[in-house]
Structure formats: structure tokens, C-alpha cells
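> got a sequence here, can you model it:
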Amino acid sequence: MQSFEKTHLRVLLVALQPQNALKMLDKPGICVCGIADRIREAMHMLPSLQPHAVVFFDPAPALAQTLNKIGDLLPIAPPRIICRKEERCAVDAVFDPNDLSSLSSAVFSACDAPISMLAAPSFDRRLSLAQSLLDSLGMPQALKGRMCIACGAAWLSAFPHPVPPAQHLWYPRLAKAFGTTPAAVERRIRSAVESTWLHGNLQSQSELFGLTVSAERGKPTNAEFLFLLSEHIRRLMR
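Residues are numbered from 1 along each chain as shown. Down below sits the predicted model:
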């Protein structure tokens with residue numbers, strides 16, 4: 001598959017006759033990474049393409065159920081959803097089928113938030129780097145919070161600054177991905193951090209975290225741990 005620059009928004013277009021939509025999406029900063037003529041085909045394409053946005057160009061029956069399935073397929077990095085303005089369900093942006101010039105504006109509007117960077121194909125590499133860093137810190141594989149931390153740090157490493165507050169965005173997103181509650185995610189991460197700081201590799205802790213940890217607390221907070229881990233991932237991605 002063609003390699004796109006990070007600045008491009010990758011769009012999966014769902015349309016029976018995509019010619020008009022393609023003309024309107026032929027804008028700097030937008031790449032149509034896939035075209036599907038029906039919803040079922042689009043669902044098969046989602047895991048491999050991991051688009052920033054999905055455009056439903058034609059009327060989409062049972063769109064609400066489709067949105068739930070998309071969230072299940074890509075729980076950590078769900079794409080933004082753009083559809084016709086007459087669709088009656090919660091989506092990220094709509095366009096006027098009588099004014100197709102509004103289509104590209106809807107894509108840019110929906111993907112303006114930093115979360116659009118999450119769907120980058122580099123996510124698997126970011127996750128692998130997170131796991132390697134956790135191994136070096138001596139975090140046991142069996143800890144429930146380990147995968148929450150790895151996914152959260154990989155995800156945050158794709159965000160431009162400033163990073164959003166944990167309680168407002170990270171915990172609910174991770175909770176959905178792991179089938180639990182935001183409070184449970186917070187507890188799992190806190191327990192994993194505490195266990196690692198007590199029994200992990202002291203040399204790696206010093207090398208990775210240095211003097212950033214409060215001497216009074218003796219360990220990083222969840223937010224500090226995730227943020228600093230994401231900073232190391234971002235550095236290794238360069």
C-alpha cells in the first residue's frame with residue numbers, strides 16, 4: 001500500500017458511485033485510502049486500513065448499529081464518522097448532499113481533534129515499543145494494568161501536545177477497549193505502577209524517569225508514568 005505522510009488524513013469512502021465524492025475529497029491533506037461500495041465491505045477493510053475517517057456518501061440504513069460495530073473493531077483508535085446531514089444518529093460531522101463542497105470541510109472538521117492521529121499505521125510499532133520499555137522496567141507480564149499502560153502510552157505518543165487529562169479521555173477509552181470501567185482502569189494502572197516501582201529494575205527506572213518523580217511520593221502518578229513512557233516512545237519513533 002502507498003505510504004502516506006503523517007499530515008494526511010486517511011479516509012475510507014463508502015459509496016456506490018464514488019466519482020463525485022472523490023472529486024470533492026481531492027484536497028491537500030486528504031488521502032482516500034480505500035473505497036467500499038457497501039457497509040459490509042467497509043467493515044472488512046477497517047482493521048487493515050485504520051482510517052482517520054469513514055465517509056458514508058449514500059444513505060446508510062441501520063447506521064447506528066454500524067457505528068457500534070466500528071467501535072468494536074477499532075476500540076483504541078476509532079475513526080471519525082461523516083455522513084449525510086439527514087442521518088439521525090450521533091456522528092462526528094455531516095455534509096449536505098446538495099452541496100458537495102461541504103464534504104471536505106466535514107472531514108477536516110471531524111478530524112481536527114488530536115485523536116485523528118491515533119489511527120496511524122504506526123500504532124503496532126508504538127505498542128511494541130511500549131512493551132519493550134515496560135520489560136526493561138521489570139513490569140510483570142501478568143499484571144492486569146500492564147496492557148492498559150502499554151496501549152495508553154502508545155496511544156498518547158501519537159498525540160501532539162498538549163496531552164489531554166487522563167480522567168477525561170484516556171480512562172474511558174481504555175475502559176471501552178478492555179471491557180471494564182474507567183475506575184477499574186485507573187486502579188489497574190496504579191497497581192501496576194506501584195508494583196513495578198517496588199519490585200522492578202531500579203537502574204531502568206532511573207534511566208527512563210530520572211529526577212521527574214516526586215521524592216515525597218516515591219513513585220510516579222498514573223499520569224506521570226503514562227506521559228513519560230509516551231515521551232520515550234515518541235523519541236524512539238523518530
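
> what ranges do the strands span in the protein?
Under the criterion DSSP state E, the chain contains strands at 9-14, 30-36, 53-56, 80-84, 93-95.

> of those, which stretch is the most buried?
Most buried of these by mean neighbour count (mean count of other C-beta atoms under 10 Å) is strand 53-56; its value is a mean of 27. From N, CA and C alone the C-beta is placed, and that goes for glycine too.

> tabulate the CA atom coordinates of that one in CSV.
Only the C-alpha atoms of strand 53-56 are listed here, as CSV (Å, rounded to 0.1, in the frame of the first residue of the first chain):
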residue,chain,number,x,y,z
ALA,A,53,-12.4,8.9,9.0
VAL,A,54,-15.1,6.9,7.3
VAL,A,55,-17.4,8.8,4.9
PHE,A,56,-20.8,7.3,4.2
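
> and of the strands of the chain, who's closest to K144?
Minimum separation from K144 across those (C-beta to C-beta) falls at strand 80-84, 30.3 Å.

> closest to L73 out of the strands of the chain?
strand 53-56 (10.9 Å).

> who's in contact with that closest one?
Outside strand 53-56, the residues within contact range by C-beta atoms under 8 Å, 6 or more residues apart in numbering are 9-15, 21, 25, 39, 42, 46, 63, 70, 79-84, 87, 92, 103, 107, 110-111, 116.

> can you do 6 Å?
V11, L12, L13, V14, P79, R80, I81, I82, C83, V107, A110, C111 (C-beta atoms under 6 Å, 6 or more residues apart in numbering).

> who does it pair up with?
strand 9-14 (parallel), strand 80-84 (parallel) (DSSP bridges).

> by contact count, what packs against the least confident helix or strand in the chain by mean pLDDT?
Within the chain, no helix or strand scores below helix 170-178, which has a mean of 79 by mean pLDDT, DSSP states H and E. Counting contacts by 3 or more C-beta pairs under 6 Å, 6 or more residues apart in numbering; DSSP states H and E, helix 170-178 packs against helix 144-156, helix 182-199.

> got the angle for the shortest one vs helix 182-199?
Orientation check (axes from the mean of the first three to the mean of the last three C-alpha atoms, to 10 degrees): helix 144-156 against helix 182-199 gives 100 degrees.

> how is the chain carved up into domains?
When the chain is parsed with automatic domain parsing, its domains come out as 9-119, 123-237.

> measure the last one end to end?
This means domain 123-237. One end of domain 123-237 sits 11 Å from the other (C-alpha to C-alpha, to the nearest Å).

> same question for stretch 49-60.
End-to-end for stretch 49-60, by C-alpha to C-alpha: 21 Å.

> next one: that stretch to chain centre, how far?
Distance of stretch 49-60 from the chain centroid (C-alpha atoms, centre = their mean, to the nearest Å) equals 16 Å.
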